[in-house]
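**Q** Give me coordinates for this.
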Amino acid sequence: MSDRPRTTAERWARFQRDQETYRRISLARRTYARFRRDLAVVPHVFLLLGRARMAALMQPPEAVRAALRGEATWTLDTATRLLTGKGFIASPDLTGYMTERAFEHAVEQGLIGTPMIGGLSIDPLYHRPPMLLAHLADDPPPSTTLPSGDRVVTWHFLIRDIFGTLGWRPDLLTRLEARRPIEIGVAQQPPS
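**A** Model prediction:
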């Protein structure tokens, strides 16, 4: 390191060198099969404005999940935990698709508290109680029923939800695919 300030010419040369390095890194990333596969995925927005609801769990997550069995189709971290045994988000929230009636029924049964307005976040920046994050839909997305009776979105739709909610995360998708149960993976391949 020199004590003297860089000249404009030196800064320009360094900028050009860095741009070339960034370009080479970007080209290398785009040559991997993961990138090409990911381009074919059409993201789905789980926290869609007007369709998403959030409410604190009033019962343990397992009890709420069991009570909503057959009415909810789980996605994102909840589906990942059910399929692979491990989630990717620290928060123990339940995330899934359900009808507006099923959501209201969960409130009436005391499974969840009063729905909150605003602040919808999959991975909160602050500590909060476990939540039910629901995407209200009359037609549920394609799903698979697990031996436990829980319904989860298909593997391909789970990838769409991750892209639409968390952005392009090849690191996360690579870890999930490494843990994916083979029978789910074979049965849920996207059409070519």
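**Q** Test my guess that Val152 contacts Thr144.
**A** Yes. Applying CB atoms under 8 Å as the test, Val152 and Thr144 come out as touching, 5.8 Å apart. Where you see a C-beta, it was placed from the backbone N, CA and C, and this is true even at glycine.
**Q** Between these two, which is the more surrounded one?
**A** Each of Val152 and Thr144 has its neighbours counted (other CB atoms under 10 Å); Val152 has more, 26 against 18.
**Q** Not including adjacent chain positions, what is the nearest residue to that one?
**A** Leaving aside its sequence neighbours, Val152 sits nearest to Ala79 (CB to CB, 6 or more residues apart in numbering; 4.1 Å).
**Q** show me the contacts for Leu68.
**A** Shown in contact with Leu68 (CB atoms under 8 Å, 6 or more residues apart in numbering): Leu94, Gly96, Met98, Ala102, Ala106, Leu111.
**Q** in which helix or strand would I find Val152?
**A** Per DSSP states H and E, Val152 falls inside strand 151-153.
**Q** Switch the contacts of Leu68 over to a markdown table; also include distance to Arg128.
**A** Below are the contacts of Leu68 laid out as a markdown table (distance: CB to CB, whole Å):
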| residue | distance to Arg128 |
| --- | --- |
| Leu94 | 14 |
| Gly96 | 18 |
| Met98 | 21 |
| Ala102 | 23 |
| Ala106 | 18 |
| Leu111 | 17 |
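**Q** Give me the subset of these that lies in strands.
**A** Secondary structure assignment by DSSP state E places Leu94, Gly96, Met98 of the contacts of Leu68 in strands.
**Q** Spell out the residue ranges of the strands in the protein.
**A** All strands of the chain, identified by DSSP E, fall at 52-56, 73-74, 94-98, 131-136, 143-145, 151-153.
**Q** need the ones you listed in CSV with distance to Gln16 and mean pLDDT, can you?
**A** Formatted as CSV, the strands of the chain follow (distance: least, CB to CB, whole Å; pLDDT from 0 to 100):
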stretch, distance to Gln16, mean pLDDT
strand 52-56, 45, 90
strand 73-74, 50, 95
strand 94-98, 45, 93
strand 131-136, 46, 91
strand 143-145, 51, 91
strand 151-153, 46, 94
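**Q** Among those strands, which comes closest to Glu62?
**A** Nearest of these to Glu62, taken as CB to CB: strand 94-98 at 9.7 Å.
**Q** elements contacting that closest one?
**A** Applying 3 or more CB pairs under 8 Å, 6 or more residues apart in numbering; DSSP states H and E, we find strand 94-98 packed against helix 61-67, strand 73-74, helix 76-84, strand 131-136.
**Q** now the angle from the longest one to strand 131-136?
**A** Read that as helix 76-84. For helix 76-84 against strand 131-136, the angle by axes from the mean of the first three to the mean of the last three CA atoms, to 10 degrees is 100 degrees.
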